[in-house]
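Asker: Whatever this is, show me its structure:
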Amino acid sequence: MFGVLARPLVETLAPGLSVIGIRVVVNWLFVALVVGLVAWLGWWQKVRLTTPIASGGRRYLLVLAALLLVPLGVTLALTPAPFAVPEFTILDGQSLSTAGVVVLVVVGFALGAAVSEELLYRGVVLRSFESRGRILAALAASFLFGVSHLSLLAVGVPLSEVLLVGVLSAASGIGLAAIAFRLGTLWPLVGWHFLQNSFPAFLTAEAMAVFVPVNIVVVLGVAILGTWLLWTDRNLRVVDDGMLANTATRPAGSRTRP
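Answerer: Numbering: from 1, shown residues only. Reported below is the predicted structural model:
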């Protein structure tokens, strides 16, 4: 776990940082590590950062929109005053202004997590295993995506909350992996992840009591959809230079693009 390993170093080098401040620094150190890994591998195209949306892929943008908007819409409809600005500090004893909190959440947490996690899990991990089949690739990426959230324990998040987030992340990872294959590009997932991490941070406790169960239902629906999509793609294999072959219906040596 990168967070578990990096936190003691950050605490030693910057002893005045609050827990939130440490999380921000660790978050962006992880961004730098993942971006550096992709640059070192030269995988900008392989992880689909430089490719357009695949033919027929735009319909799956609706799934990402539903995953974001359905829980939020239900929460707004059922909660009279759903939003509040949380109180955060970067340095111990120094609370941030409202604008500072917004910047902290949007840039410090949401943007960094969206870039690093999508690059790593729906980028590097997913494409590394793709040659062994899309189902295995999706399972590997979703499992690691879920397990990665155990690092929240290192910054004091309760175990029950960490386990819930980890299970939901792994379940959503199945659907997101399938959507990543169908989209053929990573950017919509980065955008979805950014928004998904931004809005809940400003929900009140009352609003979260509505948001969480609705989000669980939607995530499970997307996981079921992803399972079906992956099953329909179960015979696809990457052969070389990004080409796909259907091993069940095409002769050896033949190939087709997704």
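
Asker: For Leu153, list the residues it contacts.
Answerer: Val4, Leu159, Val162 (Cβ atoms under 8 Å, 6 or more residues apart in numbering). Where you see a C-beta, it was placed from the backbone N, CA and C, and this is true even at glycine.

Asker: when you check those against the strands, which ones overlap?
Answerer: Nothing among the contacts of Leu153 maps onto strands, per DSSP state E.

Asker: Tell me which residues touch Ala77, please.
Answerer: Here Ala77 is in contact with no residue (Cβ under 8 Å, 6+ apart).

Asker: per-residue confidence for it?
Answerer: On the pLDDT scale, Ala77 is placed at 97.

Asker: Name the next helix or strand downstream of whatever helix or strand it lives in, please.
Answerer: Counting by DSSP states H and E, the element that carries Ala77 is helix 61-78. Toward the C-terminus, helix 61-78 is succeeded by strand 89-91 as the next helix or strand (DSSP H and E).

Asker: Now for the nearest residue to Pro82 once chain neighbours are set aside: which residues touch it?
Answerer: Closest residue in space to Pro82, ignoring its immediate chain neighbours: Ala207 at 3.8 Å, by Cβ to Cβ, 6 or more residues apart in numbering. Neighbouring residues of Ala207 by Cβ under 8 Å, 6+ apart: Thr75, Thr79, Pro82, Phe83.

Asker: for Phe88, same thing?
Answerer: Ser18, Ile20, Ser95, Leu96, Gly100, Val101, Leu104, Val105.

Asker: Do a quick rundown of the helices in the stretch 1-150 of the chain.
Answerer: 2-13, 19-41, 61-78, 98-103, 112-119, 126-129, 134-148 (DSSP state H, counting those that start in this stretch).

Asker: Quickly, which of those bottoms out on average pLDDT?
Answerer: When I compare the helices of the stretch 1-150 of the chain, helix 2-13 is least confident, with a mean of 85.

Asker: Now list the buried members of the contacts of Phe88.
Answerer: Using 16 or more other Cβ atoms under 10 Å as the burial test, these include Ser18, Ile20, Leu96, Gly100, Val101, Leu104, Val105 as buried.

Asker: picking up where we left off before, just the CA coordinates of the helix holding Ala77, formatted as CSV?
Answerer: Output of helix 61-78 as CSV, limited to C-alpha atoms (Å, rounded to 0.1, in the frame of the first residue of the first chain):
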residue,chain,number,x,y,z
LEU,A,61,-21.2,7.5,-21.5
LEU,A,62,-24.8,7.2,-20.4
VAL,A,63,-23.9,4.5,-17.9
LEU,A,64,-21.2,6.7,-16.4
ALA,A,65,-23.8,9.5,-16.3
ALA,A,66,-26.3,7.3,-14.5
LEU,A,67,-23.6,6.1,-12.0
LEU,A,68,-23.0,9.7,-11.1
LEU,A,69,-26.4,11.4,-11.4
VAL,A,70,-28.9,8.8,-10.2
PRO,A,71,-27.6,8.7,-6.6
LEU,A,72,-27.0,12.4,-6.6
GLY,A,73,-30.5,13.2,-8.0
VAL,A,74,-32.3,11.0,-5.5
THR,A,75,-30.3,12.6,-2.7
LEU,A,76,-31.2,16.1,-3.8
ALA,A,77,-34.9,15.1,-4.2
LEU,A,78,-35.2,13.6,-0.8
